[in-house]
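Peer 1: Sequence plus predicted model, see below.
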Amino acid sequence: MPTTTLPTKTRELHNHHVDSTIWNDLRFRDDDIVIATYAKSGTTWTQQIVGQLLFGPDPELSVAEMSPWLDLRVPPKEVKLPQVEAQAHRRFLKTHLPLDALVFSPRAKYVYIGRDGRDVVWSMFNHHVNANQLWYDALNDTPGRVGPPIERPPADIRTYWRDWLDRDGHPFWPFWENVRTWWAARHLDNVLFVHFADLKRDMEGEMRRIAAFLDVPVDEATWPQVVEYCTFDWMKQHATRSVPLGGAFWDAGARVFINRGTNGRWADTLTAADVAEYEERARHELGPEAATWLAHGGHL
């Protein structure tokens, strides 16, 4: 590690979804992997990639069980943390926290995945509008919720978009601070930035890049199968293995969680003024370099 000052935790983040305090009690290991995103940015896809790199090729790999969302407050940390501590394999954990609400370890390796905020919202809307009563009950009625409950979304995605932009990530959690806090750590040796658009353009190349970062050797003899099990089409056909609880929180099942994996769907709805407003907001919140990367990707 370089002598650069490492990120430090400065606050806790609580709401209907998250309880950041679980990270305070995690005992890090030298080979831990943390997969971090705002949400709906390719998290499950990256978990599948990391799982197959570590343990594949294996079509039966239960990535959702192996790679828990640590700061999700359901089940509570008293239940989840012992399960994570008991894992004997190389751990690859998921977080949706901004970096200043996360305990950062120099012993772990962090893969941060970014995606254009407009694409995030369109994916989030699909996630939210298809959620069933079990999802609402778990998030709103499980003891320990801080703040208001999460409510059902409006039927119109444009209304959803305006609310998300005007109230910075509502009804989930702030967007800009997530990108901004991680962006500040992009030069650390144990942090790798990956972009959803780059995964779409060259998944195999990005997989090799992630493997090299994680010090995972590539077996060329089995590599084609590893790649196959990480394709979007294969994951959608076998979604119950990579989606939390096998998709029980969505009446349409796990396949609705892994929706289209496409970008640019917002172009049919947002006006030129909407696009200009968003792009100006991104530059204001993140600065021009980060805003450009978030919109288009590319290696840093």
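Peer 2: Yep, it's here. Numbering: from 1, shown residues only.

Peer 1: got the contact list for Asn178?
Peer 2: Under the criterion of CB atoms under 8 Å, 6 or more residues apart in numbering, the contact partners of Asn178 comprise 38, 96-98. C-beta here means a position set from N, CA and C on the backbone, and glycine is covered the same way.

Peer 1: nearest to Glu151, of those?
Peer 2: Proximity of those to Glu151 (CB to CB) peaks at His96, which lies at 19.3 Å.

Peer 1: Can you check what pLDDT the model gives that closest one?
Peer 2: His96 carries a pLDDT value of 98.

Peer 1: Now it: closest residue in space, sequence neighbours ignored.
Peer 2: Of all residues beyond its chain neighbours, the one nearest His96 is Ala39 (5.0 Å), with distances taken as CB to CB, 6 or more residues apart in numbering.

Peer 1: Give me the packing partners of whichever helix in the chain runs longest, helices and strands only.
Peer 2: For the chain, the helix with the greatest residue count under DSSP state H is helix 272-286. For helix 272-286, the contact count by 3 or more CB pairs under 8 Å, 6 or more residues apart in numbering; DSSP states H and E identifies helix 117-129, helix 157-166, helix 176-183, helix 288-296 as packing neighbours.

Peer 1: Tell me which of these sits nearest to Gln87.
Peer 2: When these are compared for distance to Gln87 using CB to CB, the nearest one is helix 176-183, at 24.6 Å.

Peer 1: Please give the centre-to-centre distance between that closest one and its chain.
Peer 2: Helix 176-183 has its C-alpha centroid displaced from the chain centroid by 13 Å (CA atoms, centre = their mean, to the nearest Å).

Peer 1: how big is the angle separating the helix or strand just after that helix from helix 176-183?
Peer 2: For helix 176-183, the succeeding helix or strand toward the C-terminus, using DSSP states H and E, is strand 191-195. Computed by axes from the mean of the first three to the mean of the last three CA atoms, to 10 degrees, the angle separating strand 191-195 from helix 176-183 equals 130 degrees.

Peer 1: Can you name the next helix or strand after strand 191-195?
Peer 2: Assigned by DSSP H and E, the successor of strand 191-195 is helix 196-201.

Peer 1: can you pull the buried residues of that next one?
Peer 2: For helix 196-201, burial by neighbour count (16 or more other CB atoms under 10 Å) applies to 196-200.

Peer 1: I'd like to know how far Ala88 sits from Asp233.
Peer 2: For Ala88, the distance to Asp233 under the criterion CB to CB, to the nearest Å works out to 32 Å.

Peer 1: same question, Asp219
Peer 2: Counting by CB to CB, the gap between Asp219 and Asp233 amounts to 23 Å.

Peer 1: For Thr5, give me the pLDDT.
Peer 2: If you check Thr5, the pLDDT there is 85.

Peer 1: quick one: the strands in this structure?
Peer 2: Assigned by DSSP state E, the strands in the chain fall at 33-36, 92-95, 109-114, 191-195.

Peer 1: right, and those strands - which one's nearest Val74?
Peer 2: Nearest of those to Val74, taken as CB to CB: strand 92-95 at 13.8 Å.

Peer 1: CA atoms of stretch 271-290 as CSV?
Peer 2: Extracted as CSV, the C-alpha positions of stretch 271-290 are listed here (Å, rounded to 0.1, in the frame of the first residue of the first chain):
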residue,chain,number,x,y,z
THR,A,271,-36.3,15.7,-22.7
ALA,A,272,-33.3,17.6,-23.9
ALA,A,273,-33.8,19.9,-21.0
ASP,A,274,-33.9,17.0,-18.6
VAL,A,275,-30.7,15.6,-19.9
ALA,A,276,-28.9,18.9,-19.7
GLU,A,277,-30.2,19.4,-16.1
TYR,A,278,-28.9,16.0,-15.1
GLU,A,279,-25.5,16.4,-16.8
GLU,A,280,-25.0,19.8,-15.2
ARG,A,281,-26.0,18.4,-11.8
ALA,A,282,-23.4,15.6,-12.3
ARG,A,283,-20.6,18.1,-13.1
HIS,A,284,-21.6,20.2,-10.1
GLU,A,285,-21.7,17.3,-7.7
LEU,A,286,-18.7,15.3,-8.9
GLY,A,287,-16.5,17.5,-11.0
PRO,A,288,-16.0,17.1,-14.7
GLU,A,289,-13.6,14.1,-14.6
ALA,A,290,-15.8,12.0,-12.4
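
Peer 1: Could you check it and say which residues are buried?
Peer 2: Going by 16+ other CB under 10 Å, stretch 271-290 has these buried residues: 274, 278-279, 281-282, 285-286, 290.
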